[in-house]
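1. Mind looking at a prediction? Sequence and model below.
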Amino acid sequence: MKVIRSVKEMTATSRELRNAGKITALVPTMGYFHEGHLSLMDKARELADKVIVSLFVNPIQFGPTEDLATYPRDEKRDLSLAQMRGVDYMFIPTAGEMYGSGFQTSIEVSQLSKGLCGASRPGHFRGVATVVAKLFNITRPHKAIFGQKDFQQLLVIKRMVKDLNMDVEIISHPIVREPDGLAMSSRNTYLSFEERKSALSLHSALKLAEHMIESGQNNSGIVAGKIEEHIEAHPHTKIDYVFIGDPDTLEPVNEIKAPVVIALAVFVGSTRLIDNAVVYP
Ligand code: AMP
């Protein structure tokens, strides 16, 4: 596995790979790998001749009061895990390498970025779309793999690729969970023992909602109310949002007649966790 830190070298390498006729897949990450990240790499390995993983904690997608400075990092461990999963190239630029002086261009996917995490984290999806577009330009992948854990992010990226005619196939991968149901996240490491117990309420609330909808409940207000009640019964929790809506447009839905996405963001202690499920009535 080759580690590349400069944009120039990564650009030259991707050009060589393209010229040699190799099919490449990119897995963009912020590192501190868990099985969720690694399953995306496995998927990339299946679909491509060469797998590129980017590891970059992207400063422009963090708000001023968010956890950029404390975001968990362990490059050495990440490198050995990626190597074991058969990754060919790790692209690890610095912030200075990605955003040189005078940087001023950004991409905004206006409608899809508005609600949910976009409402709680102004500018977040502008930062995400911009860095992903840069990573696509630098690595020129045929395919790029994203997790459904970040459901809104996946829609934003798909929309950007379509709207800007980017020549890359976006592939989504299901949420990978701990055996007890907690969605894997680098941020789970922030949770205390007690907080982790309460964090399980996100998944159990989704299960509860799924059961209600599958048993015929079609009023999204009632389902959302039950979710809130369930989560709030757990200590250390503070709901950021409970969203039930169209899984393609992210428009809210009142009467559930077609598949909906239920998306949650909840502070457990000071850690903000997200989870979601697509549910069929
Ligand atoms: P991150 O490093 O958190 O920015 O995540 C990098 C990629 O891994 C994104 O496409 C995420 O959606 C995906 N990812 C993170 N956690 C999970 C998970 N538990 N299951 C599946 N994919 C995930």
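-> Now that the structure is in, tell me what you want to look at.

2. Quick check: residues of the stretch 51-200 of the chain near the ligand?
-> 146-147, 149-150, 173, 175-176, 183-186 (Cβ under 6 Å from any ligand atom). (C-beta placed from N, C-alpha, C; glycine too.)

3. and these, which two are the farthest apart?
-> Using Cβ to Cβ, those reach their maximum pairwise distance at His173 and Ser186, which is 16.1 Å.

4. picking up where we left off before, now, which of the residues of the stretch 51-200 of the chain next to the ligand lie within strands?
-> 146-147, 173 (DSSP state E).

5. which one of these sits closest to the ligand?
-> The ligand lies nearest to Gly147 out of those, by Cβ to the nearest ligand atom, at 2.2 Å.

6. could you list every residue that touches the nearest residue to that closest one once chain neighbours are set aside?
-> Nearest non-adjacent residue to Gly147, counting by Cβ to Cβ, 6 or more residues apart in numbering: His173, 5.3 Å away. By Cβ atoms under 8 Å, 6 or more residues apart in numbering, the contact list for His173 reads 39-40, 43, 145-148.

7. What of His230?
-> Counting by Cβ under 8 Å, 6+ apart, His230 touches 201, 204-205, 208.

8. And it, how far from the ligand?
-> According to Cβ to the nearest ligand atom, to the nearest Å, His230 stands 21 Å off from the ligand.

9. helix or strand for that residue, which one?
-> Element membership for His230, per DSSP states H and E: helix 220-232.

10. Please state the offset of whichever helix or strand comes after that helix from the chain centre?
-> The helix or strand immediately downstream of helix 220-232 is strand 237-245, counting by DSSP H and E. Strand 237-245 has its C-alpha centroid displaced from the chain centroid by 17 Å (Cα atoms, centre = their mean, to the nearest Å).

11. Can you name every helix or strand that strand 237-245 contacts?
-> Applying 3 or more Cβ pairs under 8 Å, 6 or more residues apart in numbering; DSSP states H and E, one finds that strand 237-245 makes contact with helix 116-120, helix 193-214, helix 220-232, strand 260-268.

12. Disregarding residues adjacent in the polypeptide, which is nearest to Phe146?
-> Nearest to Phe146 is Leu154, by Cβ to Cβ, 6+ apart, at 5.0 Å.

13. For the one you found, give me the pLDDT.
-> pLDDT recorded at Leu154 is 98.

14. Can you name the residues that contact it?
-> The contact partners of Leu154, by Cβ under 8 Å, 6+ apart, come to 146-148, 170, 172.

15. how near is Ala224 to Ala205?
-> Distance from Ala224 to Ala205, counting by Cβ to Cβ, to the nearest Å: 10 Å.

16. typo on my end, Val109
-> Per Cβ to Cβ, Val109 is found 28 Å from Ala205.

17. residues contacting Asp150?
-> Per Cβ under 8 Å, 6+ apart, neighbours of Asp150: Ile274.

18. Kindly list the main-chain dihedrals of it?
-> phi -100, psi 80 (degrees, to the nearest 10).
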